[in-house]
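Asker: Structure for this input, please:
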Amino acid sequence: MAARPAPSPSSDRPPFPNPSATSALSAPSALSTSSTPSPQARSAAFRRRLAGAMRRPGFELLVAETTRLSGATVLTACAYGFPVPGDDPWWQGLDGYRPANLLRLAAPGDLFAIGDILVERRVRTQDQSRDWNLARRLQKRLLSDHTALVGVTLVDRGDTDTFDALLSWGWRWLPPAGAREAPWPAARRLLVLR
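Answerer: Next comes the predicted model:
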C-alpha cells in the first residue's frame with residue numbers, strides 16, 4: 001500500500017490523528033483507568049499503539065481522506081491491523097481464554113487482528129448498520145486485502161461505547177465458556193468479524 005503524505009500544517013484541520021476523532025478500539029493502558037482522557041492523551045495513546053503495531057509482520061494501514069472546498073486534502077479516518085498467531089502476546093487480557101476454533105485458524109495465518117479504527121464520532125453513532133458506513137468499509141477492506149478468514153479484536157471490558165459500536169458494525173462477541181460462573185470477568189472482550 002502506498003504511503004500518503006500527511007496534510008500540511010496550513011490546512012484548515014489539525015493533522016491526523018484528530019483529537020476530536022474517536023478510536024473505536026483501544027489497547028489496555030494507563031489511560032483505561034481514567035474516565036475521560038483528554039483529546040491529547042487519546043491521540044498520544046493511539047500513536048503509541050500504531051507505532052508498536054507497525055513493527056509487526058503483515059501490518060497494514062488504511063486511510064480515508066477527503067478534499068475540502070479549499071482544495072486541501074485531509075485524512076478523515078484510518079484503520080490498521082496485522083496477522084495474529086495463537087501464541088501471540090496480543091491475546092493478553094483474556095485470562096487464558098483462546099477459543100480452539102480460532103486458534104486453528106491462527107496457525108495458517110487466517111486470523112487478522114484489527115488494532116484500531118479511528119473515525120469521527122458521528123460514524124460511530126449514525127448509520128452504523130449501513131454497508132457504506134466508513135468504519136464498516138475500512139474493516140472489510142483490511143480483511144479482504146489480507147485474505148483473512150476472520151477478523152479479531154479485543155475491547156476493554158469497561159468500554160461500552162466501543163463495544164456497542166463494533167456490534168453495530170457486524171462484530172460478534174465470543175464470551176468465554178462458563179463466563180457466567182467466573183468469579184471475575186476477563187479484562188477484555190474478544191470480538192470476531194467474518
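Asker: Going by C-alpha atoms from here, please, whenever you check contacts or count neighbours.
Answerer: Noted.
Asker: Now for Gly93: which residues touch it?
Answerer: By C-alpha atoms under 8 Å, 6 or more residues apart in numbering, Gly93 lies in contact with 186-188.
Asker: Mark which of these are buried, thanks.
Answerer: When the contacts of Gly93 are checked for burial by 16 or more other C-alpha atoms under 10 Å, the buried set is 186, 188.
Asker: As a markdown table, the contacts of Gly93 with secondary structure and distance to Gln92 would be great.
Answerer: Putting the contacts of Gly93 into a markdown table (DSSP: H, G, I helix; E, B strand; the rest coil; distance: C-alpha to C-alpha, whole Å) gives the following:
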| residue | secondary structure | distance to Gln92 |
| --- | --- | --- |
| Ala186 | coil | 10 |
| Ala187 | coil | 9 |
| Arg188 | strand | 9 |
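Asker: contacting residues around the lengthiest strand in the chain?
Answerer: Taking DSSP state E as the criterion, the chain has its longest strand at strand 73-83. With C-alpha under 8 Å, 6+ apart as the test, strand 73-83 has contacts from 6-7, 11, 13, 15-16, 50, 53, 56-68, 109-120, 138-139, 142.
Asker: Just the buried positions in the following helix or strand past it, please.
Answerer: Under the assignment DSSP states H and E, the closest C-terminal helix or strand after strand 73-83 is helix 100-106. Going by neighbour count (16+ other C-alpha under 10 Å), the buried part of helix 100-106 is 102-103, 105-106.
Asker: can you pull out the strands in the chain?
Answerer: Under DSSP E, the chain gives strands at 22-23, 60-67, 73-83, 111-119, 150-156, 172-173, 188-193.
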